[in-house]
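S.K.: Please find the sequence and the predicted model below.
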Amino acid sequence: MQPLLEELHRRAERTRLGGGLKKLEDQHRKGKLTARERIDYLIDPGSSFIEIGLFAGEGLYEEHGGCPAGGVVVGIGTISGRQCVIVANDATVKAGAWFPITAKKNLRAQEIAIENRLPIVYLVDSAGVYLPLQAEVFADKDHFGRIFRNNAQMSAAGIIQVAAIMGSCVAGGAYLPIMSDEALIVEGTGSIFLAGPYLVRASIGEDVDAETLGGASTHSEISGVTDNKYPDDKSCLDAIRRIFDKTGHFDKAGFDRAEPALPAKDPQEIYSILPLDRVKPYDMREIIHRLVDRSEFEEYKELYGQSILCGYARIDGWAVGIVANQRKVVKAKGRTGPAGTAQPGEMQMGGVIYSDSADKAARFIMNCNQKKIPLLFLQDVTGFMVGSRSEQGGIIKDGAKMVNAMANSVVPKFTVIVGNSYGAGNYAMCGKAYDPRLIVAWPTAQMAVMSGASAARTLLQIQVASLKAKGETITSEQEQQLLQTITSQYNEQLSPYYAAARLWVDAVIDPLETRSWISAGLAAADHAPITRPFNVGVIQT
């Protein structure tokens with residue numbers, strides 16, 4: 001595990017530099033704080049900041065100079081005792097311009113605020129849409145314009161939005177702060193206008209400087225576009241803190257929380273329990289015991305459907321229902337399991353979901369909804385069991401029942417990808433498509449439609465058949481070289497960082513950070529009362 005953790009910390013440190021040290025120093029020379037400095041100053045002293053999408057954009061725009069963290073810092077922090085979503089443009093990355101992944105990350109921030117009814121703070125410092133990629137960020141449903149639509153609907157829903165204009169705010173981007181409930185601006189550095197001085201000169205021939213056109217005095221004293229102006233970043237951020245210090249309280253969902261307690265078993269032992277070998281079995285219970293309060297895990301149907309573990313526990317005091325894939329070798333009960341290290345009369349679970357496990361998980365998910373207990377999914381899944389015996393036993397029906405119950409859940413869902421996350425197993429265990437409130441991956445995670453080895457062999461067979469159909473011959477050596485090339489390409493896509501770069505997961509985290517992430521997510525979810533009944537509709541039994 002240690003090399004994986006070192007890689008995680010190395011990548012994180014590099015990404016947090018944004019556009020680099022020189023660009024960070026340029027911000028200071030202009031009298032501005034950097035995006036991360038603004039957040040550090042804004043949140044309560046000693047509180048934590050759960051960062052969403054740190055690796056967004058990694059490796060996606062190298063031909064354009066890169067876009068570290070998507071050019072925007074997003075996360076959940078506490079301001080004057082209130083949990084808030086915070087969005088801060090990073091002006092060191094292409095002057096805070098919006099790449100396609102920037103829009104996607106901003107939409108994710110708004111989604112978190114909407115789902116959890118959390119206030120959201122925008123620290124605006126952006127040059128607007130990155131023009132060379134405007135076709136990929138401008139006009140579609142989930143592009144740039146969706147953010148302003150969300151601004152309007154969030155305000156109508158009573159979700160507080162506060163914006164601080166701390167740098168450039170131009171063109172369409174000017175609507176984001178002004179469609180917020182309150183808009184503040186910093187003198188000398190903040191500016192907001194639909195068209196900058198150069199475009200105004202080119203369009204209508206007027207020669208005007210940026211401050212007169214859209215500076216703090218213009219919009220706070222003449223146009224009334226902004227509510228108040230402040231002399232520097234810190235005084236503006238202080239004003240935001242005062243806003244939340246006086247904000248009233250709203251209804252809560254009422255999820256149960258007891259006095260928090262640490263696990264009785266040492267969480268550090270996760271590093272040695274979890275094997276790097278994808279085939280080697282391990283007991284997921286031992287992972288759970290190191291994540292939950294007092295290492296207490298009350299299992300549901302412990303002896304039935306053993307390839308999935310279900311049970312009740314607490315994390316940092318919050319009650320949760322846990323659904324986890326099991327990789328342990330168990331007694332086979334007269335059936336043959338997947339190949340591996342299992343001996344005759346035994347079955348290696350291997351992260352495979354069997355019919356009885358899917359049936360058990362579906363029932364457990366229904367019970368958690370009945371009791372208003374949030375759900376936590378721990379994924380290490382290779383998919384559903386295949387073969388004639390499984391098909392005749394109704395694996396598709398039982399799998400559909402599990403997916404139905406999970407997809408229709410009204411309690412908040414959280415997902416941690418511990419190891420494998422393949423195919424339909426990703427779906428059944430609450431992958432990104434099923435709206436987990438937060439979804440994170442450990443450095444050991446892999447996500448794809450199937451494992452690298454299986455996919456590489458399948459793709460090899462297709463390519464070899466295609467070559468033979470053209471009359472070409474291929475030697476065993478060439479075939480082996482082709483297999484290595486395919487495997488290398490596919491394995492790159494399995495990486496948790498590949499998923500994080502595309503926001504398929506919110507973060508890649510050290511396993512020891514899991515408790516703090518889930519606790520913060522549950523605290524956020526408790527702000528949003530459940531307003532619709534649980535109903536699974538038509539379900540095959």
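M.R.: The structure has been received and is ready for your questions. Numbering: from 1, shown residues only.
S.K.: Averaged pLDDT, stretch 454-463. What do you get?
M.R.: For stretch 454-463, mean pLDDT is 75.
S.K.: Show me which positions of it end up buried.
M.R.: 454-456, 459-460, 463 (16 or more other CB atoms under 10 Å). Quick note: C-beta positions are derived from backbone N, CA and C, even for glycine.
S.K.: go on, stretch 18-28?
M.R.: Buried residues in stretch 18-28 (16+ other CB under 10 Å): 18-19, 23-24, 27.
S.K.: just those residues now: which is nearest A358?
M.R.: Here the nearest of the buried residues of stretch 18-28 to A358, counting by CB to CB, is G18; it sits at 44.7 Å.
S.K.: what about that closest one, which SS state?
M.R.: coil (DSSP: H, G, I helix; E, B strand; the rest coil).
S.K.: contacting residues for it?
M.R.: Going by CB atoms under 8 Å, 6 or more residues apart in numbering, G18 touches 24, 34-36, 68-69, 90, 92-93.
S.K.: now with 7 Å?
M.R.: 24, 68-69, 90, 92-93 (CB atoms under 7 Å, 6 or more residues apart in numbering).
S.K.: Among those residues, which lie within helices?
M.R.: L24 (DSSP state H).
S.K.: now, the most widely separated pair of the contacts of G18?
M.R.: The widest separation within the contacts of G18 (CB to CB) is 13.4 Å, between L24 and A69.
S.K.: Could I get the full set of helices for the stretch 1-150 of the chain?
M.R.: Using DSSP state H, counting those that start in this stretch, the helices of the stretch 1-150 of the chain run over residues 2-15, 21-29, 35-42, 100-116, 145-156.
S.K.: Okay, the closest residue in space to A139 that isn't next to it in sequence and I52: tell me how far apart.
M.R.: Nearest residue to A139 in three dimensions, chain neighbours excluded: G145, at 7.3 Å (CB to CB, 6 or more residues apart in numbering). According to CB to CB, to the nearest Å, G145 stands 22 Å off from I52.
S.K.: Q161 too?
M.R.: The gap separating Q161 from I52 is 17 Å, by CB to CB.
S.K.: got it, and L4?
M.R.: 21 Å.
S.K.: Can you pick out the residue with more neighbours from the two?
M.R.: The neighbour comparison of L4 against I52 (other CB atoms under 10 Å) goes to I52, with 24 against 16.
S.K.: Go through the helices of the stretch 1-150 of the chain and name the closest to R257.
M.R.: Nearest to R257, of all those, is helix 100-116, at 15.6 Å by CB to CB.
S.K.: Flag the shaky bits of the chain, pLDDT-wise.
M.R.: Counting by pLDDT under 70, the chain contains low-confidence ranges at 330-349, 450-453, 455, 540-541.
S.K.: Output the helices of the stretch 1-150 of the chain as CSV; include the columns distance to K468.
M.R.: CSV is the format used below for the helices of the stretch 1-150 of the chain (distance: least, CB to CB, whole Å):
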stretch, distance to K468
helix 2-15, 40
helix 21-29, 54
helix 35-42, 55
helix 100-116, 40
helix 145-156, 48
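S.K.: quick one: which of these is nearest N367?
M.R.: Nearest to N367, of all the helices of the stretch 1-150 of the chain, is helix 100-116, at 22.6 Å by CB to CB.
S.K.: what's the angle between the closest one and helix 145-156?
M.R.: Computed by axes from the mean of the first three to the mean of the last three CA atoms, to 10 degrees, the angle separating helix 100-116 from helix 145-156 equals 20 degrees.
S.K.: Please name every helix or strand in contact with helix 100-116.
M.R.: Helix 100-116 sits against strand 72-79, strand 82-89, strand 120-126, helix 145-156, with contacts defined as 3 or more CB pairs under 7 Å, 6 or more residues apart in numbering; DSSP states H and E.
S.K.: in the helix or strand harbouring E477, what's buried?
M.R.: Taking DSSP states H and E as the definition, E477 sits inside helix 476-494. Neighbour counts over helix 476-494 (16+ other CB under 10 Å) mark 482-483, 486-487, 490-491, 494 as buried.
S.K.: do the same with stretch 30-50
M.R.: Going by 16+ other CB under 10 Å, stretch 30-50 has these buried residues: 32-39, 42-43, 48-50.
S.K.: Over to stretch 313-323?
M.R.: The neighbour-count check on stretch 313-323 (16+ other CB under 10 Å) flags 313-316, 318-323 as buried.
S.K.: farthest-separated two in these?
M.R.: Pairwise distances across the buried residues of stretch 313-323 (CB to CB) peak at 18.9 Å, for the pair D316 and V323.
S.K.: And the contacts of stretch 93-110?
M.R.: Stretch 93-110 has contacts (CB under 7 Å, 6+ apart) with 18-19, 52-53, 56-57, 60-61, 67-68, 70-72, 74, 85, 87, 89-90, 120, 125-130, 133, 136-137, 142-144, 146-147, 150, 154, 167-168, 503.
S.K.: Kindly recompute the last result at 6 Å.
M.R.: When contacts are defined by CB atoms under 6 Å, 6 or more residues apart in numbering, stretch 93-110 is touched by residues 18-19, 53, 56-57, 67-68, 70-72, 74, 85, 87, 89, 125-127, 129-130, 136-137, 143-144, 146-147, 150, 503.
S.K.: Now do the contacts for I243.
M.R.: Counted by CB under 6 Å, 6+ apart, I243 has contacts V162.
S.K.: got the phi/psi numbers for it?
M.R.: phi -60, psi -50 (degrees, to the nearest 10).
S.K.: now the one 3 residues further on
M.R.: For K246, the backbone dihedrals (degrees, to the nearest 10) come out as phi -110, psi 0.
S.K.: from the helices and strands packed on helix 100-116, which stretch is densest packed?
M.R.: The highest mean neighbour count among those, using mean count of other CB atoms under 10 Å, belongs to strand 120-126: a mean of 28.
S.K.: Can you give the strand pairings for that one, parallel or anti for each?
M.R.: Strand pairing for strand 120-126, determined by DSSP bridges: strand 82-89 (parallel), strand 161-170 (parallel).
S.K.: and the first one, how far from the chain's centre?
M.R.: To tie it back to what came earlier, the one meant is strand 82-89. Distance of strand 82-89 from its chain centroid, counting by CA atoms, centre = their mean, to the nearest Å, is 15 Å.
S.K.: Need the CA coordinates for it. PDB is fine.
M.R.: What follows is strand 82-89, C-alpha atoms only, in PDB (Å, rounded to 0.1, in the frame of the first residue of the first chain):
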ATOM      1  CA  ARG A  82     -22.600  26.400   9.100                       C
ATOM      2  CA  GLN A  83     -21.700  23.600   6.700                       C
ATOM      3  CA  CYS A  84     -21.400  25.100   3.100                       C
ATOM      4  CA  VAL A  85     -20.300  24.200  -0.300                       C
ATOM      5  CA  ILE A  86     -17.500  26.400  -1.500                       C
ATOM      6  CA  VAL A  87     -16.500  27.100  -5.100                       C
ATOM      7  CA  ALA A  88     -13.300  29.100  -5.700                       C
ATOM      8  CA  ASN A  89     -12.000  29.800  -9.200                       C
END
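S.K.: Show me the contact partners of that strand.
M.R.: For strand 82-89, contacts defined as CB under 6 Å, 6+ apart pick out 35, 38-39, 72-77, 96, 109, 112-113, 118-126, 244, 523-524.
S.K.: quick revisit: now distance to D380 too, for the contacts of G18, in CSV please.
M.R.: Listed next are the contacts of G18 as CSV, based on distance: CB to CB, whole Å:
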residue, distance to D380
L24, 39
P68, 30
A69, 28
D90, 34
T92, 38
V93, 35
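S.K.: Isn't I185 up against D227?
M.R.: No - contact criterion CB atoms under 6 Å: I185 and D227 do not qualify, at 8.4 Å.
S.K.: For those two, indicate the residue with more neighbours.
M.R.: Applying other CB under 10 Å to I185 and D227 shows that I185 carries more neighbours, namely 29 against 16.
S.K.: beta partners of that one?
M.R.: I185 has these beta-bridge partners by DSSP bridges: I165, K229.
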